[in-house]
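Asks: Here's a sequence, model it:
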Amino acid sequence: MGNEELVELGQQLRVDAVRAAAAAGSGHPTSSMSAADLAAVLLARHLRYDFDRPDHPGNDRLILSKGHASPLLYALYRAAGVIDEGELLTFRHDGSPLEGHPTPRLPWVDVATGSLGQGLPVGVGMALAGKRLDQVPYRTWVLCGDSEMAEGSVWEAAEHAAYEHLDNLTLVVDVNRLGQRGPTREEWDLEAHARKFRAFGWHTVEIDGHDVAAIDAAYQEAAGVTDRPTAVVARTHKGRGVAEVEDREGFHGKPLPHPEEAIAELGGVRSARVAVAQPAPVTTRPAIPLGDVDPPRYHVGEQVATRDAFGAALAALGSARGDVVALDGEVGDSTRAQDFARAHPERYFECYIAEQQLVAAAVGMRARGYLPFAATFAAFLTRAHDFIRMAAVSEAGIQLCGSHAGVAIGQDGPSQMGLEDLAMMRAVHGSTVLYPCDANQAARLVGQMAQLPGIGYLRTSRGATEVLYGPDDEFPVGGSRVLRAGDRDRVTVVAAGVTVHEALRAADALAAADVGVRVIDLYSVKPVDTATLQRAADDTGCLLTVEDHHPEGGIGDAVAEAFADGRPQPRLVRLAVRNMPGSATPEEQMRHAGIDAEAIAAAVRLLVGEAVVR
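Replies: Residues are numbered from 1 along each chain as shown. This next block holds a predicted model:
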């Protein structure tokens, strides 16, 4: 396709973006129009992609980080011949896969975009997979907007991409000067953008983003760089080609005021088709070995931290499954992800203290067919919540481990204590939330996570706890364990993780005083074992939840929801961390929070006493 034809293709993409937004009555055509020439040259001359085989191992990857410019992406698909005009005009309609922001409902979309600043970090994960796992020479292309250059996650990704020498990654920055409400910070200062990327170790090219020859040359230059990623920084005009909106404020996120006139100004509707270059032949990736997992085994009565069991179980899982990869946020010695690093160094990725990049890389690798386990402190995963949320939109079944949860970590104090993580992870669409209380349970649950369809979260503890279960015990997702039960039980204590041990101690003390207490280990916090909880409520009439977590969104709320279907509500009392912790020993922390054995026993006595009075 010659340069004149490329110019025409760019105009076609603009017209189609205008038409799609007009048909929807909403959308972002002006943001699409600025990048149309950048996209046209990429599609016609540089992208290597078999649209009939989106799972082809040699396909380039294309991430539209500026996901609001989805009309441009759908216009590209029309130009490639994989959607027709009728489908294009279903943009943003109910039931259409052409959503307002791209999602993997379309087979050519690897990950959902739209939360700005995520495309490049996810692209780093894909490029890492290509370079270190697949070892296939596909290129990862990321199209970003200039507004999202203000996001810190972009610079986490920029630093990591340079550190990993990802010469198979090309970022195209559409510098159209205007954001949602006015000019961007740098406006058209291309050197300001390029200077930042060069400081991180990138190769940069500054171009006129409407000069197809310059765009073509920049992409060729990027392909020739062999030791670092490349950023193509392109000056463009928002709303390019339509005088009424070009480089004018107030038109972001709106269909054009006069679409028919705009289409005429752009030269009318076109229907050019692009024969997209096929990926180079690659050796099909060998079948990934999937053997039987031999999890670590611990003896009842041993003192073992669940984080230790996580590390050993993850290494064992990696031995059984060649698709398992592990990522850590420079705390592998604490999370015990280092066990995987020692056993499988070629599948271990150190992401350093960059939790957004940590989760994003996992999403990118999942999109390439791997099964990622990403680990850091539970408290620090909260920093990456938006990436976890968008992973669910991407249908990316990543598995997360948050260690050092709750006040039970002790002297490190509140900055290190995950006290919000259960609420955060329970709120994620389709998530599974698991909280083991002993080593054998933790090891078995790691194996369960490998089978999950969506996002999984395992909450592990820093300190050693007694092994309660045998190594052959099974712990299905959605289950629980009744550890104490009798015909004369007056109260059911529902606990998970470290508080299970406190609940057992309290139950033993109360049994000596002839007060029967049922104890449930609610290791599956989502989904919750509704049947067992309802049976306990019927038998004892009162549930007492105890958790090393804030009261909002944790175990207490999970238990309460088991009775939200119209069943009679039992008496429900909650013990949780309601204070602001300081530095103290784990035992002191749990006593101050009112979640230790003594506090549980006192609460049960109060409940039993009230029942007697009544």
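Asks: gap between the helix or strand of the chain with the lowest mean pLDDT and the chain center?
Replies: Lowest mean confidence among the helices and strands of the chain (mean pLDDT, DSSP states H and E): helix 597-613, at a mean of 84. How far helix 597-613 lies from its chain's middle: 42 Å, per CA atoms, centre = their mean, to the nearest Å.
Asks: now stretch 357-375
Replies: How far stretch 357-375 lies from its chain's middle: 8 Å, per CA atoms, centre = their mean.
Asks: ditto for stretch 357-377
Replies: 8 Å.
Asks: Repeat that for stretch 8-25.
Replies: 32 Å.
Asks: rewinding a little: could I have the CA atoms of the least confident helix or strand of the chain written out in CSV?
Replies: This file holds the C-alpha atoms of helix 597-613, laid out as CSV (Å, rounded to 0.1, in the frame of the first residue of the first chain):
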residue,chain,number,x,y,z
ALA,A,597,-9.0,-16.5,72.7
GLU,A,598,-9.8,-14.5,75.8
ALA,A,599,-11.9,-12.0,73.9
ILE,A,600,-13.8,-14.8,72.1
ALA,A,601,-14.5,-16.6,75.3
ALA,A,602,-15.7,-13.4,77.0
ALA,A,603,-18.0,-12.7,74.0
VAL,A,604,-19.5,-16.2,74.2
ARG,A,605,-20.0,-15.9,77.9
LEU,A,606,-21.9,-12.6,77.4
LEU,A,607,-24.0,-14.2,74.7
VAL,A,608,-24.8,-17.2,76.7
GLY,A,609,-25.6,-15.1,79.8
GLU,A,610,-28.0,-12.9,77.8
ALA,A,611,-29.7,-16.0,76.5
VAL,A,612,-30.2,-17.3,80.0
VAL,A,613,-31.6,-13.9,81.2
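Asks: Quick check, residue 601 in contact with residue 509.
Replies: Yes: shown here, residue 601 and residue 509 form a contact pair, counting by CB atoms under 8 Å, at 5.3 Å. Backbone N, C-alpha and C define where each C-beta goes, glycine included.
Asks: So between the two, which is more surrounded?
Replies: residue 601 (22 against 16; other CB atoms under 10 Å).
Asks: and the residue nearest the centre of the chain, what helix or strand is that in?
Replies: Taking CA atoms, centre = their mean, the centroid of the chain lies closest to residue 388, which sits 2.9 Å from it. Here residue 388, judged by DSSP states H and E, is contained in helix 385-393.
Asks: helices or strands up against whatever helix or strand comes next after that helix?
Replies: Once the chain leaves helix 385-393, the next helix or strand it forms, by DSSP H and E, is strand 399-403. In terms of contacts (3 or more CB pairs under 8 Å, 6 or more residues apart in numbering; DSSP states H and E), strand 399-403 is packed against helix 306-320, helix 332-335, strand 371-377, helix 378-381, strand 456-459.
Asks: Including mean pLDDT, could those go into a markdown table?
Replies: Shown next, in a markdown table, are these (pLDDT from 0 to 100):
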| stretch | mean pLDDT |
| --- | --- |
| helix 306-320 | 97 |
| helix 332-335 | 97 |
| strand 371-377 | 98 |
| helix 378-381 | 97 |
| strand 456-459 | 98 |
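Asks: who wins for proximity to residue 358 among those?
Replies: For residue 358, the closest of those is strand 371-377, at 5.4 Å, according to CB to CB.
Asks: That closest one pairs with which strands?
Replies: strand 324-328 (parallel), strand 399-403 (parallel) (DSSP bridges).
Asks: With just CA atoms, put that strand into CSV.
Replies: The C-alpha coordinates for strand 371-377 follow below in CSV (Å, rounded to 0.1, in the frame of the first residue of the first chain):
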residue,chain,number,x,y,z
LEU,A,371,-0.9,-19.3,34.7
PRO,A,372,0.6,-16.5,36.8
PHE,A,373,0.8,-16.5,40.6
ALA,A,374,1.7,-13.0,41.8
ALA,A,375,2.7,-12.4,45.5
THR,A,376,3.4,-9.5,47.8
PHE,A,377,2.2,-8.3,51.2
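Asks: Mind listing residues that contact that strand?
Replies: Residues from elsewhere that reach strand 371-377 (CB atoms under 8 Å, 6 or more residues apart in numbering): 310, 314, 321, 323-329, 331-332, 334-335, 337, 340, 351, 355, 358-359, 361-363, 365-366, 397-404, 416, 418, 449-450.
Asks: Skipping adjacent residues, who's closest to residue 29 in space?
Replies: Nearest residue to residue 29, sequence neighbours excluded (CB to CB, 6 or more residues apart in numbering): residue 21, at 4.2 Å.
Asks: Let's see the pLDDT reported for that neighbour.
Replies: We note a pLDDT of 98 for residue 21 in this prediction.
Asks: Could you pull up the residues touching it?
Replies: The contact partners of residue 21, taken as CB under 8 Å, 6+ apart, are 27-29, 71, 91, 255-256, 259.
Asks: try 7 Å
Replies: Applying CB atoms under 7 Å, 6 or more residues apart in numbering, we find residue 21 in contact with 27, 29, 71, 255.
Asks: Return the distance of the residue nearest to residue 312 when sequence neighbours are not counted relative to residue 372.
Replies: Sequence neighbours aside, residue 296 is the residue nearest to residue 312 in space, at 4.0 Å (criterion: CB to CB, 6+ apart). Applying CB to CB, to the nearest Å, the value for residue 296 to residue 372 is 21 Å.
Asks: out of the two, which sits in the busier spot?
Replies: residue 372 (27 against 20).
Asks: Sticking with the closest residue to that one other than its chain neighbours, tell me its helix or strand.
Replies: Nearest non-adjacent residue to residue 372, counting by CB to CB, 6+ apart: residue 362, 3.8 Å away. Secondary structure assignment for residue 362, by DSSP H and E: helix 355-367.
Asks: What average pLDDT does that helix get?
Replies: Mean predicted lDDT for helix 355-367 stands at 98.
Asks: if I pick residue 185, what's in contact with it?
Replies: residue 150.
Asks: Relative to residue 179, how far out is it?
Replies: Distance, residue 185 to residue 179, using CB to CB: 9 Å.
Asks: now do residue 471
Replies: Per CB to CB, residue 471 is found 57 Å from residue 179.
Asks: Between those two, point out the one with more neighbours.
Replies: Applying other CB under 10 Å to residue 471 and residue 179 shows that residue 179 carries more neighbours, namely 20 against 15.
Asks: Next one: the more buried one from residue 186, what distance?
Replies: Look at residue 179 and residue 186: by CB to CB, they are 11 Å apart.
Asks: what are the ranges of the strands in the stretch 401-550 of the chain?
Replies: Here the stretch 401-550 of the chain has its strands, by DSSP state E, counting those that start in this stretch, at 432-434, 456-459, 464-466, 481-484, 489-495, 516-521, 524-526, 542-546.
Asks: So for residue 122, which of those sits nearest?
Replies: strand 456-459 (18.9 Å).
Asks: Mind giving me the packing neighbours of that closest one?
Replies: Here strand 456-459 is seen to pack against strand 399-403, helix 421-426, strand 432-434, helix 439-449 when contacts are counted using 3 or more CB pairs under 7 Å, 6 or more residues apart in numbering; DSSP states H and E.
Asks: Neighbours of residue 565, how many?
Replies: By other CB under 10 Å, the residues close to residue 565 number 8.
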